[in-house]
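In: sharing a model prediction with you, sequence too.
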Amino acid sequence: MKTLYAKFVLTTIGIMIFSGLLSFVISNVYYHEVLKPKNDEKTTAFALELASFFEQHQELDLHAYLQHSANLGYHVMLVDEQFKVTNFAEPFRNQSIDDRIIQDVLSGKAYHGISNFPHQTFVTGFFANEVTNSIGVPITVQGKTYALFVRPNIKLLFNEMHLLFAAILLMTILLSILLVLLFTKYIVQPITKLTEATKFIANGQYHVQLDKKRKDELGNLLQSFLHMSEQLAFVDEKRKEFTANISHDIQSPLSNIKGYITLLENEQATETDIIHYLGTIHAEIDRLSSLTNRLLQLSTIDQQEQLMKVQTFNVNEQIEALLKHYHWKIQQKELMIIHSLSQVAITADAELLNMVWDNLLSNAIKYTNAFGTINIELSEQGQYVVVSFQDSGIGIKEEQQQRIFERFYRVDSARTRTVEGTGLGLSIVWRIVTLHQGHVEVESVFGKGTAISVFLPRIRPK
Ligand code: ADP
């Protein structure tokens with residue numbers, strides 16, 4: 001019983017059957033305890049009345065009298081001392097009865113067949129049209145004794161049966177309603193708990209406790225809800241970390257700038273000092289500018305997810321333009337750039353991809369020592385356009401290669417870095433490439449160089 005639907009259907013049917021059976025048992029008990037003795041009493045009174053009335057009016061014709069009474073709705077059977085049987089109106093369906101019973105009645109003892117009738121259920125007992133299920137009384141006619149067996153006709157009982165059936169029906173309905181109410185409560189309970197949990201989450205309390213054992217649809221919902229709350233907790237944690245990092249990265253250049261300005265204000269500063277201080281202030285401003293630039297890029301990508309401007313353009317042209325842009329830095333470090341850029345078209349967001357090449361090329365320049373080499377390759381492999389930036393730079397240790405795509409992660413972390421950076425560049429690359437349903441591969445040997453390759457589908461799948 002895994003699905004809620006099956007649970008509902010089976011339980012409701014179960015409830016119906018259970019209530020039906022219970023009502024049946026109760027009606028049987030009622031029949032045996034109340035209805036049977038009452039019926040016996042009523043019929044005995046009727047039979048005695050029948051006999052005594054005739055005994056006081058011996059001038060009447062016995063057969064006509066009994067026939068008339070039977071027509072009122074009774075089975076009437078007369079047995080004389082020779083056991084000769086006479087039936088009036090509709091005869092009993094089963095007329096066999098022990099001779100000793102007849103003998104007892106003839107000798108003046110009333111026979112209570114109705115209350116002693118041994119059948120189990122009221123359906124069989126109440127309707128059994130048999131002499132054994134009747135009342136026997138003696139009747140004396142002109143000195144001769146007869147045994148008179150009487151029982152109400154089924155048609156007469158029918159009215160009482162109506163009442164009984166109505167009672168069964170009412171009981172079934174009431175019981176079903178009661179049990180359905182209890183069962184629905186069992187179903188609704190986890191939903192109530194879920195509602196409480198959503199309130200906790202809305203208040204920023206992500207660690208909620210929910211029943212994980214259920215295996216039906218509600219169980220799945222609870223599982224997904226728990227997963228969602230864990231994700232929310234994770235995102236919240238990351239957000240806090242992110243804000244703390246940004247605050248630190250903005251705060252530290254600002255306090256440096258402030259410190260150097262104070263030094264500049266010192267009248268004893270020599271010209272060499274002033275040049276040094278101004279140079280540092282310049283560098284710190286560059287750092288701030290690069291950080292805000294990267295943050296801007298991040299927010300652009302987050303918005304871009306819905307607003308991607310997909311168009312077809314040549315990747316080689318984009319990279320060539322970028323090389324021109326970095327010409328001065330390349331010259332400064334006297335780096336050798338090797339590239340074989342054949343014409344390769346791609347259908348993607350040009351602005352976002354430009355950010356990818358920009359980050360990868362600027363990293364290659366940053367992390368390669370003077371006189372190093374940067375090799376840029378552009379090729380088509382099946383459905384993919386592959387762009388790789390290979391440098392002869394400082395390289396990345398294997399255990400750090402997994403983490404370089406995390407936001408704010410820097411190998412040369414503790415802000416004692418020798419190369420300026422924000423730790424955001426590669427996370428931006430990763431986001432953009434996954435947005436385009438591509439992937440990034442890193443190959444690096446510490447101290448020897450790094451190759452970062454980007455695989456992008458030629459046409460971004462919808
Ligand atoms: P950053 O602003 O510090 O360059 P990135 O996200 O671009 O941030 O890169 C994360 C880290 O990965 C860098 O701090 C650097 O240690 C390492 N890294 C990235 N590219 C290279 C490369 N070409 N050679 C060596 N290390 C690299």
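Out: Structure received. What you are looking at is a predicted structure, and each value in this text was computed from that prediction instead of being measured.
In: domains for the chain, by residue range?
Out: Listed domain ranges for the chain are 4-159, 308-457 (source: automatic domain parsing).
In: what distance separates the start and the end of the shortest one?
Out: Domain 308-457 has an end-to-end distance of 15 Å (CA to CA, to the nearest Å).
In: over to stretch 402-419?
Out: For stretch 402-419, the end-to-end distance is 20 Å (CA to CA).
In: now the stretch 51-200 of the chain, which segments are flagged as low pLDDT?
Out: Counting by pLDDT under 70, the stretch 51-200 of the chain contains low-confidence residues at 119-120, 122-123, 155-160.
In: point me to the residue of it nearest the ligand.
Out: Nearest residue of the stretch 51-200 of the chain to the ligand (CB to the nearest ligand atom) works out as residue 200 at 35.8 Å. Glycine gets a C-beta too; all of them are placed from N, C-alpha and C.
In: contact partners for the residue lying closest to that residue once chain neighbours are set aside?
Out: Leaving aside its sequence neighbours, residue 200 sits nearest to residue 208 (CB to CB, 6 or more residues apart in numbering; 5.3 Å). The neighbours of residue 208, taking CB atoms under 8 Å, 6 or more residues apart in numbering as the test, are 197, 200, 201, 226, 229.
In: strands along this protein, start to end?
Out: Along the chain, counting by DSSP state E, strands occupy 74-79, 85-88, 111-112, 135-141, 144-152, 310-314, 336-341, 345-349, 373-381, 384-391, 439-445, 449-457.
In: what about the helices in the stretch 251-400 of the chain?
Out: Taking DSSP state H, counting those that start in this stretch, the helices of the stretch 251-400 of the chain run over residues 271-307, 315-325, 327-333, 350-366, 398-401.
In: now swap in the stretch 1-150 of the chain and tell me
Out: With DSSP H, counting those that start in this stretch as the criterion, the stretch 1-150 of the chain has helices at 4-30, 36-56, 62-71, 99-106, 113-116, 122-127.
In: hang on, the earlier thing: per-residue confidence for the residue nearest to residue 200?
Out: In this prediction, residue 208 carries a pLDDT score of 86.
In: and residue 108, how many neighbours does it have?
Out: When neighbours are counted by other CB atoms under 10 Å, residue 108 registers 10.
In: also residue 136?
Out: 26.
In: now it, nearest residue through space, not along the chain?
Out: Once flanking residues are discounted, residue 136 sits nearest to residue 111: 3.2 Å by CB to CB, 6+ apart.
In: show me the contacts for the one you found.
Out: Counted by CB under 8 Å, 6+ apart, residue 111 has contacts 101, 104, 105, 134, 135, 136, 137, 147, 149.
In: the closest residue to residue 175 other than its chain neighbours: how many residues sit nearby?
Out: Closest residue in space to residue 175, ignoring its immediate chain neighbours: residue 19 at 3.7 Å, by CB to CB, 6+ apart. By other CB under 10 Å, 21 other residues sit near residue 19.
In: could you do residue 116 as well?
Out: The burial count assigned to residue 116 is 11, neighbours taken as other CB under 10 Å.
In: ok, it to residue 108 distance?
Out: 18 Å (CB to CB, to the nearest Å).
In: before we move on, what about residue 117?
Out: 22 Å.
In: again with residue 24
Out: Noted for residue 24: a distance of 40 Å to residue 108, by CB to CB.
In: next, the contact list for whatever residue of the stretch 151-300 of the chain ends up closest to the ligand, please.
Out: In the stretch 151-300 of the chain, the residue that lies nearest the ligand is residue 294 (7.3 Å; CB to the nearest ligand atom). Counting by CB under 8 Å, 6+ apart, residue 294 touches 422, 424, 425, 428.
In: just curious, which of those residues is nearest to the ligand?
Out: residue 425 (2.6 Å).
In: apart from its chain neighbours, what residue comes closest to that closest one?
Out: Spatial nearest neighbour of residue 425, chain neighbours left out: residue 359 (4.0 Å); criterion: CB to CB, 6+ apart.
In: pretty sure residue 442 contacts residue 397?
Out: No: if you go by CB atoms under 8 Å, residue 442 and residue 397 don't touch, sitting 11.6 Å apart.
In: who in the chain is up against the ligand?
Out: Within reach of the ligand by CB under 6 Å from any ligand atom, the chain has these residues: 359, 363-364, 367, 391, 393-396, 404, 409-412, 421-427, 450.
In: tell me how far residue 372 lies from residue 125.
Out: Per CB to CB, residue 372 is found 107 Å from residue 125.
In: actually residue 450, not the one I typed
Out: 96 Å.
In: again, but for residue 244
Out: Taken as CB to CB, the span from residue 244 to residue 125 is 85 Å.
In: which one of these two has more residues nearby?
Out: The residue with more neighbours, out of residue 244 and residue 125, is residue 125; 19 against 11, by other CB under 10 Å.
In: mind listing what that one touches?
Out: Going by CB under 8 Å, 6+ apart, residue 125 touches 31, 36, 117, 119, 133.
In: out of the residues you listed, who has the most neighbours?
Out: residue 133 leads these on contacts (other CB under 10 Å) with 26 neighbours.
In: quick one: low-confidence residue ranges for the stretch 301-450 of the chain.
Out: Using pLDDT under 70, the flagged stretches of the stretch 301-450 of the chain are 304-306, 413-418.
In: may I see the PyMOL selection of the buried members of the contacts of residue 208?
Out: Here is the PyMOL command that selects the buried residues among these (16 or more other CB atoms under 10 Å):
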select buried, resi 197+201+226+229
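In: and residue 139, bridged to which residues?
Out: residue 146 (DSSP bridges).
In: surely residue 233 touches residue 201?
Out: No: contact criterion CB under 8 Å: residue 233 and residue 201 do not qualify, at 9.1 Å.
In: now residue 131, nearest residue through space, not along the chain?
Out: Leaving aside its chain neighbours, residue 131 sits nearest to residue 97 (4.4 Å; criterion: CB to CB, 6+ apart).
In: and for that neighbour, the neighbour number?
Out: Residue 97 has 23 nearby residues by other CB under 10 Å.
In: what's it in contact with, if anything?
Out: The contact partners of residue 97, taken as CB under 8 Å, 6+ apart, are 131, 132, 149.
In: and residue 443, how close does it get to the ligand?
Out: 11 Å (CB to the nearest ligand atom, to the nearest Å).
In: so what's that residue bridging to?
Out: Judged by DSSP bridges, the bridge partners of residue 443 are residue 451.
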